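Visitor: just to be clear, the model below is a prediction. Sequence and coordinates:
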Amino acid sequence: MIEFVVLAVVAAGAGWLVRRKHRTRRAAAKPAGIPCMARHPAGEGRWRMGRVYADGGEVPRWEPRRGEAVPLAGARSTGVRVPTVREGISINPGSRIVACVLQGGGEIEIAVMPLDVRELLEAVPE
């Protein structure tokens, strides 16, 4: 009988901790930018994690976790596709790849989740 009481107290404490963690995550602000992976130049190199920032009146840019930002001012998206099997190993196979042509020449491929494609296409129009 004592075991049941102890088990009920432990379960109640675990439930309280989980609900508290859930409330703090929900109350936290959404991080700025669109989470993505990009390959610059397109078709070469490896996929690098980063974020696309296109807030307010600023110039849109892709910022990798490490390294220099790539400005997307004047960039145009040329197409949206699903990743190949080989690319799906490096990035999430459920993501969508947006190919973009940069203004000064060159290309970049940006992989985002399907729910973020519309927001990315608003930042980098066709």
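Guide: Alright, I've got the coordinates. Numbers count the residues shown, from 1 in each chain.
Visitor: for Gly94, which three-state class applies?
Guide: coil (DSSP: H, G, I helix; E, B strand; the rest coil).
Visitor: who's in contact with it?
Guide: 113-114 (CB atoms under 8 Å, 6 or more residues apart in numbering). All C-beta atoms are positioned from the backbone trio N, CA, C, and that covers glycine.
Visitor: got it, and Arg51?
Guide: 31-36, 62-63.
Visitor: same thing but 7 Å
Guide: For Arg51, the contacting residues are 33-36, 63, by CB atoms under 7 Å, 6 or more residues apart in numbering.
Visitor: can you check the pLDDT for the closest residue to Gly45 other than its chain neighbours?
Guide: Distances taken as CB to CB, 6 or more residues apart in numbering put Arg39 closest to Gly45, at 5.7 Å, once the chain neighbours are dropped. Arg39 is assigned a pLDDT of 90 by the prediction.
Visitor: begin at 4, not 1, for the rest of this chat.
Guide: Yes, from this point I'll number from 4; that puts the last item at Arg42.
Visitor: what about Arg42, neighbour count?
Guide: 21 (other CB atoms under 10 Å).
Visitor: partner strands of the helix or strand hosting Ile100, parallel or antiparallel?
Guide: If you go by DSSP states H and E, Ile100 is part of strand 99-104. Looking at strand 99-104 with DSSP bridges, its partner strands are strand 79-84 (antiparallel), strand 110-115 (antiparallel).
Visitor: so which of those strands is nearest Met52?
Guide: strand 110-115 (9.9 Å; CB to CB).
Visitor: gap between the lowest-mean-pLDDT helix or strand in the chain and the chain center?
Guide: Counting by mean pLDDT, DSSP states H and E, the chain has its least confident helix or strand at strand 73-74, which shows a mean of 84. Relative to the chain's own centre, strand 73-74 is displaced by 17 Å; criterion: CA atoms, centre = their mean, to the nearest Å.
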